[in-house]
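[1] Generate coordinates for the sequence data below:
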Amino acid sequence: MLRSVVVLCARIDHVVTSGTFSLDGGTWDVDNNVWIVGDDSECVVIDAAHDAAAILAAIGDRSVRAILLTHAHDDHIDAAAELQAATGAPVLLNQGDRMLWDAVYPSAPPTGTLSDGQIVEVAGIALEVLHTPGHSPGAVCLSAPGLQTVFSGDTLFQGGPGATGRSFSDFPTIIESISAKLLTLPAETVVRTGHGDTTTIGAEAPHLEEWIARGH
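    Numbering: from 1, shown residues only. Now for the predicted structure:
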């Protein structure tokens, strides 16, 4: 399924892919959001989940500037190698998640890193890397003020924070990340998540205290 949101000369394409997520000895069926930001000539892919063929179909004949990973849980990276081989694009990941990446790709490191404050440019749009640990140590969000959007990966969903009940995650850390890095964005900012429906910063911000209470 492919949807497009057009803003100025750039657009956001949305592909939903299906597969599994495995960690700590368990495996679950999941649907993932893959976001493609760009114009008719170039783009970046945000998360490479499950189905490289579906992602490549959405890319079409555009040049892929980079494959940006919000974190390295296997459901967000399991198509990364195939996508990189098909496009030649660098795969960028925050180094805090290398242990999760190495569990899937032990002999092929990511091409480069995503660091807090780093800017990735594509089609006249600047994506700012926000390091938001908690769901995983190297989790990042990608803020695109020119699109009034933040790509939140699994850090913030409609209805609350991402899960913190598995290895390498921490609830107080994710709350601090959301408070400091996401809820400070303009209220109208659209939150495009790693799974499920979009939301806005304005819709989620009033519930911070509820999340904190629920987490204790």
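[2] Show me where the chain has its helices.
    52-59, 74-77, 80-87, 98-104, 171-177, 201-204, 208-214 (DSSP state H).
[3] what sits against Gln148?
    By CB atoms under 8 Å, 6 or more residues apart in numbering, the contact list for Gln148 reads 7, 186, 188-190. Where C-beta positions appear, they are placed from N, C-alpha and C, glycine not excepted.
[4] Distance check, it against Asp74.
    31 Å (CB to CB, to the nearest Å).
[5] How about Gly146?
    Distance, Gly146 to Asp74, by CB to CB: 31 Å.
[6] Tell me which of those two has more neighbours.
    Between Gly146 and Asp74, counted using other CB atoms under 10 Å, Asp74 has the larger neighbour count: 19 against 14.
[7] Which residue comes closest to that one once chain neighbours are left out?
    Nearest-residue entry for Asp74: Val104, 5.2 Å, with adjacent residues in sequence omitted and distances by CB to CB, 6 or more residues apart in numbering.
[8] measure that neighbour to Val91 for me?
    Taking CB to CB, one finds Val104 at 12 Å from Val91.
[9] who's more crowded, those two?
    Val91 (22 against 16).
[10] who's in contact with Thr199?
    Neighbouring residues of Thr199 by CB under 8 Å, 6+ apart: 156-159, 190-191, 193.
[11] Of those, just say which sits nearest to Pro109.
    Distance to Pro109 across the contacts of Thr199 (CB to CB) is lowest for Thr193, with 27.2 Å.
[12] what residues are up against Val104?
    Val104 sits in contact with 72, 74, 77-78, where contact means CB under 8 Å, 6+ apart.
[13] ok, now Pro106?
    So Pro106 contacts nothing (CB under 8 Å, 6+ apart).
[14] Good, we can wrap up now.
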